[in-house]
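[1] Requesting a structural model of the entry that follows:
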Amino acid sequence: MSNYLDAVIVEHNPSQKKIDRAVIWLHGLGASGHDFEPIVPQLGLADNMAVRFIFPHAPKRAVTVNGGMVMPAWYDIIEMSLERKIDVTQIEESSQQIRELISRELERGVSPEHIVIAGFSQGGAVAYHVALSYPERLAGLMTLSTYLATNDNINYSTANKNIPILIEHGTHDPVVPSVLGEQAQQLLSEKGYNVVYHTYPMAHQVCMPQIQNIGKWLNKVLA
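    Next comes the predicted model:
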């Protein structure tokens with residue numbers, strides 16, 4: 001029996017049919033699964049869609065760049081240079097925990113091509129790692145205000161070579177500079193991935209026009 005990560009679950013199911021779509025959405029450093037919970041009703045998802053949103057809580061661990069303070073974190077950030085030195089072993093551990101959440105959805109009858117992996121900031125770095133290496137075709141990958149931390153460590157899966165990828169970033173982000181979002185977009189485009197990149201005049205956050213855009217994208221990739 002697997003020890004699944006604790007998670008906030010929100011179901012969008014106006015038509016009350018069997019849930020057959022899922023979005024696993026990872027929060028940023030020091031936050032919790034409740035972070036993006038309020039967004040679900042604002043997405044404008046189609047009424048005939050039955051979607052389970054899973055917002056897992058990251059385990060608590062010491063974070064070097066925050067003076068070793070213990071907080072919810074998907075992995076340790078060792079230094080805040082533009083290259084962002086991180087603990088790759090911990091990214092792999094967190095990725096494995098997310099793969100277990102995917103497996104649980106499969107057991108519940110959701111097929112992999114109806115599952116979106118999403119993440120904000122630190123959660124986005126893990127989302128990249130999970131989705132790009134996942135052995136079965138997924139519905140989509142959405143990364144917000146984040147960076148591709150493990151390009152050299154990802155075992156890129158051919159099953160997800162054509163996965164729709166949405167990258168979104170704030171142009172005034174003081175935490176994860178938008179150049180890192182552009183780098184990820186460029187790197188993946190060069191590898192032949194289908195990447196859509198949007199920026200918004202905001203800091204390290206989400207905004208309403210962006211939430212509406214995310215909703216449109218989810219309606220499309222989960223249709």
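
[2] looking at the chain, which helix or strand does the model trust least?
    Lowest on mean pLDDT, DSSP states H and E among the helices and strands of the chain sits strand 85-86, with a mean of 86.

[3] Residue ranges in the protein under the pLDDT threshold?
    1-2 (pLDDT under 70).

[4] For it, just list every one of the helices.
    Per DSSP state H, the chain has helices spanning 88-107, 122-133, 178-190, 208-221. These are given in chain order.

[5] Who are the packing partners of the first one?
    I take that to be helix 88-107. Contact here means 3 or more CB pairs under 8 Å, 6 or more residues apart in numbering; DSSP states H and E; on that basis helix 88-107 packs against strand 21-26, strand 51-56, strand 115-120, helix 122-133. Where you see a C-beta, it was placed from the backbone N, CA and C, and this is true even at glycine.

[6] residue contacts, residue 166?
    Counting by CB atoms under 8 Å, 6 or more residues apart in numbering, residue 166 makes contact with 140, 141, 142, 143, 195, 196, 198, 214, 217.

[7] Show the end-to-end separation of stretch 12-19, please.
    End-to-end distance of stretch 12-19 (CA to CA, to the nearest Å): 9 Å.

[8] Stretch 133-147 now?
    Note: stretch 133-147 ends 16 Å apart using CA to CA.

[9] same check, this time on stretch 80-87
    12 Å.

[10] can you check stretch 13-29 too?
    30 Å.

[11] cool, stretch 146-155 as well?
    Terminal residues of stretch 146-155 are spaced 20 Å apart (CA to CA).

[12] same deal with stretch 33-46?
    End-to-end for stretch 33-46, by CA to CA: 23 Å.

[13] next one: that stretch to chain centre, how far?
    Computed by CA atoms, centre = their mean, to the nearest Å, the chain-centroid distance of stretch 33-46 equals 14 Å.

[14] same question, stretch 111-124
    Remark: stretch 111-124 is offset 4 Å from the chain centroid, using CA atoms, centre = their mean.

[15] likewise stretch 107-122?
    9 Å.

[16] ditto for stretch 70-90
    Averaging C-alpha positions (CA atoms, centre = their mean) puts stretch 70-90 16 Å from its chain's average.

[17] CA atoms only: put stretch 200-207 into CSV for me.
    Output of stretch 200-207 as CSV, limited to C-alpha atoms (Å, rounded to 0.1, in the frame of the first residue of the first chain):
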residue,chain,number,x,y,z
TYR,A,200,1.7,38.7,-18.2
PRO,A,201,2.6,42.0,-16.7
MET,A,202,2.8,40.6,-13.1
ALA,A,203,5.3,39.5,-10.4
HIS,A,204,5.6,35.9,-9.0
GLN,A,205,1.8,35.2,-8.9
VAL,A,206,-1.2,34.4,-11.1
CYS,A,207,-3.7,37.0,-12.5
